[in-house]
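Visitor: need the 3D shape of this:
(one chain, ligands or ions: 1)
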Amino acid sequence: MAIKKIMVVGAGLMGSGISQVAAQAGYNVIMNDVKSELVGKGLKVIAKNLDGQIKKEKITADDKNAILSRIVQSISLDDAKQADFVIEAAFENFEVKKSIFEKLDALCPPEVIFASNTSSIPITSLATTVKRSDKFIGMHFFSPVPVMKLVEVIPGLKTSPETIKVTEELAVSLKKDTVRVKDVPGFLVNRINAAFRAEVFNCLLEGVATLEDIDKAVKLGLNHPMGPFELNDAVGIDIGLNVFKTLYEGYKDPKFRPPLLMEKIVQAGDLGKKTGKGWYDYTSGEKKPRKDLNL
Ligand SMILES: NC(=O)c1ccc[n+]([C@@H]2O[C@H](COP(=O)([O-])OP(=O)(O)OC[C@H]3O[C@@H](n4cnc5c(N)ncnc54)[C@H](O)[C@@H]3O)[C@@H](O)[C@H]2O)c1
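Guide: I've put the predicted structure just below:
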């Protein structure tokens, strides 16, 4: 079946990004969330991103209008009846996702594939929420979706080869590169990154270098575009901590033990850019080192 219409469930950070790249690739998109304000907020983010692309002369104002016209707003899962492929990017909570997939399973024609953008819930267990476990797959995008090139494609235990093929082709048509990854805790990128970050925290705790110098060293010595603390602040320190928790629970390997300093700063309520303070202070509008933390 040719995919023409994609339903994206959840219009938050990831769902709006996925809707944007799908509409930009020429697909018709049904962008769904629980309230119209939330869908509207997602659309505003997309419009702003497209304005940025106009400024850089990557697209024209006409392109922007055409892209936005391909996105239909939805606050009812019933709209999934018209979709050829569904990508779920709702809250990272098994019960929330289960209730969405159960409803979708009853509504969508049997050939429709369901992909979840979960970061940590096993695909094989999410697939048990539907009768079509052969048509269930992980499609793990990275933030910000319009910028990051990678999609991890994660087959569950019962995902069919045809579902894998269709999903990989879809990701490529969204101008992404794919890697096929087994359904293991943290999948691939988050697992590798956590092992690296665990060492970053060891260095900080041992006083090997200052936090700012660790960021500088990783950028200039390893050519990472952002330092680990800057990245942690951008993504949300609570989200990063949850990755460690998932990995530690999954592998019982001490190398994935959630770093104590990360737990402390989350307990203090400083979660990164979104709260104004994290490893750095952003309250002035600029990134400044913090002098008030007893690290
Ligand atoms: N943030 C990241 O960097 C990142 C990266 C990769 C994957 N993910 C995964 O993507 C998913 C979404 O993450 P996010 O960062 O976009 O979260 P978010 O909180 O920004 O957005 C989630 C959206 O889902 C909506 N939602 C909740 N229940 C819903 C329902 N029943 N029906 C429709 N919409 C519903 C919420 O209203 C919210 O707008 C999660 O599973 C997360 O683990 C996140």
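Visitor: up against the ligand, what does the stretch 101-250 of the chain have?
Guide: 117-119, 140-143, 235 (CB under 6 Å from any ligand atom). All C-beta atoms are positioned from the backbone trio N, CA, C, and that covers glycine.
Visitor: now with 5 Å, please.
Guide: Selection of the stretch 101-250 of the chain residues close to the ligand by CB under 5 Å from any ligand atom yields 117-119, 143.
Visitor: just put the residues you listed in JSON lines and tack on neighbour count, secondary structure and pLDDT.
Guide: Output for those, formatted as JSON lines (neighbours: other CB atoms under 10 Å; DSSP: H, G, I helix; E, B strand; the rest coil; pLDDT from 0 to 100):
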{"residue": "Asn117", "neighbour count": "25", "secondary structure": "coil", "pLDDT": "98"}
{"residue": "Thr118", "neighbour count": "22", "secondary structure": "coil", "pLDDT": "97"}
{"residue": "Ser119", "neighbour count": "21", "secondary structure": "coil", "pLDDT": "93"}
{"residue": "Ser143", "neighbour count": "15", "secondary structure": "coil", "pLDDT": "92"}
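Visitor: how far off centre is stretch 229-237?
Guide: In this view, stretch 229-237 has its centroid 14 Å away from the chain centroid, taken as CA atoms, centre = their mean, to the nearest Å.
Visitor: then stretch 220-240?
Guide: Stretch 220-240 sits 15 Å away from the centroid of its parent chain (CA atoms, centre = their mean).
Visitor: with stretch 109-122 instead?
Guide: 14 Å.
Visitor: which one of the residues of the stretch 101-250 of the chain next to the ligand is nearest Glu168?
Guide: Nearest to Glu168 among those is Asn117, at 15.3 Å by CB to CB.
Visitor: return the residues in contact with Phe196.
Guide: The contact partners of Phe196, taken as CB atoms under 8 Å, 6 or more residues apart in numbering, are Pro228.
Visitor: report the two of the residues of the stretch 101-250 of the chain next to the ligand separated the most.
Guide: For these, the farthest-apart pair by CB to CB is Thr118 and Ser143; their separation is 13.7 Å.
Visitor: and whichever strand or helix holds Val39, which residues are buried?
Guide: Applying DSSP states H and E as the criterion places Val39 in helix 36-55. Neighbour-count burial for helix 36-55 flags 38-39, 42-43, 45-46, 49-50, 53 (criterion: 16 or more other CB atoms under 10 Å).
Visitor: could you pull out the helices for the stretch 151-295 of the chain?
Guide: 161-173, 189-206, 211-222, 228-235, 237-251, 260-267 (DSSP state H, counting those that start in this stretch).
Visitor: and the pLDDT for the closest residue to the ligand within the chain?
Guide: Here the chain gets closest to the ligand at one residue, Gly12, 1.9 Å apart by CB to the nearest ligand atom. At Gly12, the model reports a pLDDT of 95.
Visitor: where in the stretch 1-150 of the chain is pLDDT low?
Guide: Applying pLDDT under 70 to the stretch 1-150 of the chain picks out no residues at all.
Visitor: show me where it has its strands.
Guide: For the stretch 1-150 of the chain, strands defined by DSSP state E, counting those that start in this stretch occupy the ranges 5-9, 28-32, 71-74, 85-88, 113-116, 136-141, 150-155.
Visitor: any chance of those strands in a markdown table, with mean neighbour count too?
Guide: Listed next are the strands of the stretch 1-150 of the chain as a markdown table, based on neighbours: other CB atoms under 10 Å:
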| stretch | mean neighbour count |
| --- | --- |
| strand 5-9 | 26 |
| strand 28-32 | 25 |
| strand 71-74 | 20 |
| strand 85-88 | 25 |
| strand 113-116 | 27 |
| strand 136-141 | 25 |
| strand 150-155 | 22 |
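Visitor: mind putting the ones you listed into JSON lines with distance to Ala194?
Guide: Shown next, in JSON lines, are the strands of the stretch 1-150 of the chain (distance: least, CB to CB, whole Å):
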{"stretch": "strand 5-9", "distance to Ala194": "27"}
{"stretch": "strand 28-32", "distance to Ala194": "31"}
{"stretch": "strand 71-74", "distance to Ala194": "34"}
{"stretch": "strand 85-88", "distance to Ala194": "24"}
{"stretch": "strand 113-116", "distance to Ala194": "20"}
{"stretch": "strand 136-141", "distance to Ala194": "15"}
{"stretch": "strand 150-155", "distance to Ala194": "15"}
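Visitor: circling back: most tightly packed of the helices of the stretch 151-295 of the chain?
Guide: Mean neighbour count (mean count of other CB atoms under 10 Å) peaks for helix 228-235 among the helices of the stretch 151-295 of the chain, with a mean of 22.
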